[in-house]
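# Sequence and predicted model, in that order:
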Amino acid sequence: MSAPAQVRRKLRLGVLATAVTAVLALLCCVGGAGAFLLTELGDEKKDPASAGPGCNIGQRVSVTGSMPRMAEYGDGQLRNAAVIIKVGQDMKIPARGWVVALATAMQESRLRNLANSGVPSSLALPHEGVGSDHDSLGLFQQRPGWGSVEQRLTPAYATRKFYEKMVRVPNWEQRPLTVVAQKVQVSAFPDAYAKHEELAGRIVDALAGGAARTVRIAGRAVCDAARGARIAASGWTAPLPGGIVSGFRTAERPSHNGVDLAAVKRTKIHAAATGRVLVARCDPDHSGRRDCNRDGWPGKGGCGWFVDILHAGGYITRYCHMIEQPYVVPGQMVQAGDVIGSSGTSGNSSGPHLHFEVHVDGDRSSRGAIDPVPFMRQRGAPVSDAG
């Protein structure tokens, strides 16, 4: 091939790769979190600048392939998780449903297909242990009304029955996982499911290409777009749509334990996930005054009107500088996306914005603070314009 022909070929390939990359970015993860770079040979490579796992909406889960290594569960348990996801995919259940189903099975059976002492030995049905309940069977510990012994010990059947009942729960995609799981299971321990939501989302991401980071928009799944009333399959949403104007513990502000999000006054602030309000009050300034009903200024001190919310997994989110008293009170349960206040500039502030923090291990102090940017992106609810 002549030199001019080689140049023309490379130019055509470069234009094609650019066009395909742009289309994929529009269809999936805007901002590069799950975008792909196409080489001349057509290979797909994850963008090395991406934060967190990729997001491949169309990826089908493999039940027979190799399973990822996880500290919490073994190969057999993850294969059962893959069955739960595959059935959901076959039934065209949104990814949020897979997270709900997984968390339920994690609580009921630790993702094991459990028999019980009441199963006749003559049936010789395959199972992975004996449960403690004399008439509950399978991944979801379903009782006789759910089907025969053979059916309830068939993971795909048990999962389908769970989904069939789940989708009849009104507004199930917007409601807290615990509420939906309890409506289906009618458990004696209705609050136990929530503690598995975090890990269930991670398993969905690992087995189904980051699907827990998707949100339903106009009937289709979109990556990394959970904001306001839109909730990602992980159960999280961005508190407001503004971009970052000040980062986490920067060189200039090493004690800045969150990020500042751009927002004009009275922008609605949404709870980032379902949880219980711990604090909703005016934070005292450096002089000890609780003086939040007016604009603050740099150096005043304090968070102004603020809210702390405790979520499943021991996570705490904090929302500072509200314009007026928060719309929630301590002890109140809120759902992801609920409006908890309006942005302002009370407390130690140079202008209207939302100061947003994420803490781990139930630690409200600076020791528990982590960078919200990668945390929220991994949950499909990025707190930046790029998301």
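Perfect, I can see it now.
# From now on I want contacts and neighbour counts done on CA atoms only, so please keep to that.
Noted.
# Now the residue nearest the centre of the chain, what are its backbone angles?
The centroid of the chain falls nearest to S234 when counting by CA atoms, centre = their mean (2.3 Å). Listed backbone geometry of S234 is phi -70, psi -20, with angles given as degrees, to the nearest 10.
# residue contacts, it?
R96, V99, E197, E198, G201, A212, R213, T214, R379, G380 (CA atoms under 8 Å, 6 or more residues apart in numbering).
# I'd like these laid out as a markdown table, including pLDDT, neighbour count and distance to K165.
Shown next, in a markdown table, are those (pLDDT from 0 to 100; neighbours: other CA atoms under 10 Å; distance: CA to CA, whole Å):
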| residue | pLDDT | neighbour count | distance to K165 |
| --- | --- | --- | --- |
| R96 | 97 | 26 | 15 |
| V99 | 98 | 30 | 15 |
| E197 | 96 | 23 | 19 |
| E198 | 95 | 18 | 23 |
| G201 | 97 | 26 | 21 |
| A212 | 97 | 32 | 21 |
| R213 | 97 | 38 | 24 |
| T214 | 96 | 30 | 23 |
| R379 | 96 | 29 | 26 |
| G380 | 96 | 33 | 27 |
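# Who are the packing partners of the helix or strand containing G97?
Taking DSSP states H and E as the definition, G97 sits inside helix 95-109. Helix 95-109 sits against helix 75-90, helix 155-166, helix 177-185, helix 197-207, with contacts defined as 3 or more CA pairs under 8 Å, 6 or more residues apart in numbering; DSSP states H and E.
# Same list, those, but as CSV with distance to H256 please.
Output for the helices and strands packed on helix 95-109, formatted as CSV (distance: least, CA to CA, whole Å):
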stretch, distance to H256
helix 75-90, 39
helix 155-166, 42
helix 177-185, 32
helix 197-207, 26
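# Among these, which comes closest to R220?
Set against R220 and scored by CA to CA, those come closest in helix 75-90, at 13.5 Å.
# For the closest one, buried residues please.
Buried residues in helix 75-90, defined by neighbour count with 16 or more other CA atoms under 10 Å: 77-89.
# and that helix, what does it pack onto?
In terms of contacts (3+ CA pairs under 8 Å, 6+ apart), helix 75-90 is packed against helix 95-109, helix 155-166, helix 197-207.
# What is the neighbour count of M166?
When neighbours are defined as other CA atoms under 10 Å, M166 has 22 of them.
# Next: G351.
Taking other CA under 10 Å as the neighbour definition, G351 ends up with a count of 18.
# which ones are touching it?
Shown in contact with G351 (CA under 8 Å, 6+ apart): W297, G344, T345.
# which of the residues you listed has the most neighbours?
Each of these was scored for neighbours by other CA under 10 Å, and T345 scores highest at 30 neighbours.
# List the contacts of that one.
K265, D295, G296, W297, G304, H321, M322, I323, G351, P352, H353.
# now swap in A158 and tell me
The neighbours of A158, taking CA under 8 Å, 6+ apart as the test, are G138, L139, F140, Q142, W146, Q151, R152.
# now do 10 Å
Taking CA atoms under 10 Å, 6 or more residues apart in numbering as the definition of contact, the neighbours of A158 are 84, 87, 113, 137-142, 146-147, 151-152.
# What of N80?
Counting by CA under 10 Å, 6+ apart, N80 touches V63, K86, L102, A105, R110, L111, R112, N113, L139, P155, A156, T159.
# Reduced to three states, what does the closest residue in space to the second one that isn't next to it in sequence come out as?
Read that as K86. Counting by CA to CA, 6 or more residues apart in numbering, V61 is the residue found nearest to K86 once chain neighbours are left out, at 5.9 Å. Here V61 is coil, with the state taken from DSSP: H, G, I helix; E, B strand; the rest coil.
# if I look at V61, how far off is A95?
Separation of V61 from A95 (CA to CA, to the nearest Å) stands at 12 Å.
# more neighbours, those two?
Relative neighbour count places A95 above the other of V61 and A95, with 29 against 21, counting by other CA under 10 Å.
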